[in-house]
Structures are given as structure tokens and as C-alpha cells.
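*Asks:* Just to be clear, the model below is a prediction. Sequence and coordinates:
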Amino acid sequence: MQRVDSASVTSDGEEVGRIGQGLCVLVGVTHSDDENDVAKMVDKLWNIRLMDDEDGVMNLSVADTTKQLLVVSQFTLYGDTRKGRRPSWIGAARPEAAEPLIDLLVEKLKSLGAVVATGRFRTDMKVSLVNDGPVTVTIEV
């Protein structure tokens, strides 16, 4: 996850999502992830204090500020590079399992009042962002 000044995603050459200042969230789903993990992730994304307050201190959440998130599924986050020269993707959930969980994550964020832009599953996506800070954080639930 990156705190961004702006971020966008194109899918097969078409822009399908754009946000201003907020969080760009690259989400990897593994085989053991379930709805409970989604609920924990939603709570963390919505409430983690990475946004600057009036003194420039990371003391506010996206919920307190812009409410903008770009959520992009990225199975390559589960690439295992411990052996050989080619990553293994065995840790990544199949799209049939991952897509409903990503959809649930987006739905739950929107129900809290978030403005959520997304990519598209099973397409060639290009993500562009202006990383603010830069601030980049890995979250595991």
C-alpha cells in the first residue's frame, strides 16, 4: 500500500480507475484467506494512520481525510523467489477464489464511505502513481 498524491489503473489500454490523494492498495490473496481476513483488512486500510495532519505528522487515516483508495488485485505479491530464477505463484489464490474476496473488500470499504477505484481481474493492467513521501507499507492480516 502506498500513500499517493494520485493513482490510476488502465486495463487493456482503457483507464478504469483513478483517485487523487489517498491510498493505492495492491492486494494479494492466498489460499487460506477468507471473509474474516477481508474484514480485518478493511478495518486496517480504513483506519491506519498514514495521512498527514496539519503539522505534517502521519496522524490521520484515509477515513479522516480524502476517503480515496485505488484497489488493485495483484497475485504476483505471492511470488516465491526462494528457489531458482523464476518465481513460483503457487501461494496465490486462483482468480475464482480471489475475485469474490477483492469484491467484498471493495464493497465493505464503500459501505464505510470510501471512494474506491479498482482495476479489472484477468486483464493486462498498468498502474500509475505518484507516491507521496514516499510512504509504502506492507500489511498482513
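*Replies:* Thanks, I have the structure now.

*Asks:* residue boundaries of the strands in this protein?
*Replies:* Applying DSSP state E to the chain gives strands spanning 2-11, 14-19, 22-27, 49-52, 58-61, 68-73, 115-118, 125-136.

*Asks:* need these in TSV with mean neighbour count, mean pLDDT and distance to residue 37, can you?
*Replies:* Any C-beta I mention is one placed from the backbone N, CA and C, and that applies to glycine too. Shown next, in TSV, are the strands of the chain (neighbours: other CB atoms under 10 Å; pLDDT from 0 to 100; distance: least, CB to CB, whole Å):
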stretch	mean neighbour count	mean pLDDT	distance to residue 37
strand 2-11	20	98	21
strand 14-19	16	98	23
strand 22-27	24	98	11
strand 49-52	18	98	20
strand 58-61	15	98	20
strand 68-73	24	98	14
strand 115-118	19	98	18
strand 125-136	14	96	21
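
*Asks:* nearest to residue 82, of those?
*Replies:* Ranking the strands of the chain by proximity to residue 82 (CB to CB) places strand 22-27 first, at 20.9 Å.

*Asks:* and that closest one, what does it pack onto?
*Replies:* Applying 3 or more CB pairs under 8 Å, 6 or more residues apart in numbering; DSSP states H and E, we find strand 22-27 packed against strand 2-11, helix 35-47, strand 68-73, strand 125-136.

*Asks:* Compare those and give me the one nearest residue 58.
*Replies:* strand 125-136 (7.3 Å).

*Asks:* which secondary structure elements does the closest one contact?
*Replies:* Judged by 3+ CB pairs under 8 Å, 6+ apart, strand 125-136 is in contact with strand 2-11, strand 22-27, strand 68-73.

*Asks:* re the thing from before, would you list the helices and strands packed on strand 22-27 in a markdown table and tack on distance to residue 111?
*Replies:* Formatted as a markdown table, the helices and strands packed on strand 22-27 follow (distance: least, CB to CB, whole Å):
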| stretch | distance to residue 111 |
| --- | --- |
| strand 2-11 | 22 |
| helix 35-47 | 9 |
| strand 68-73 | 13 |
| strand 125-136 | 25 |
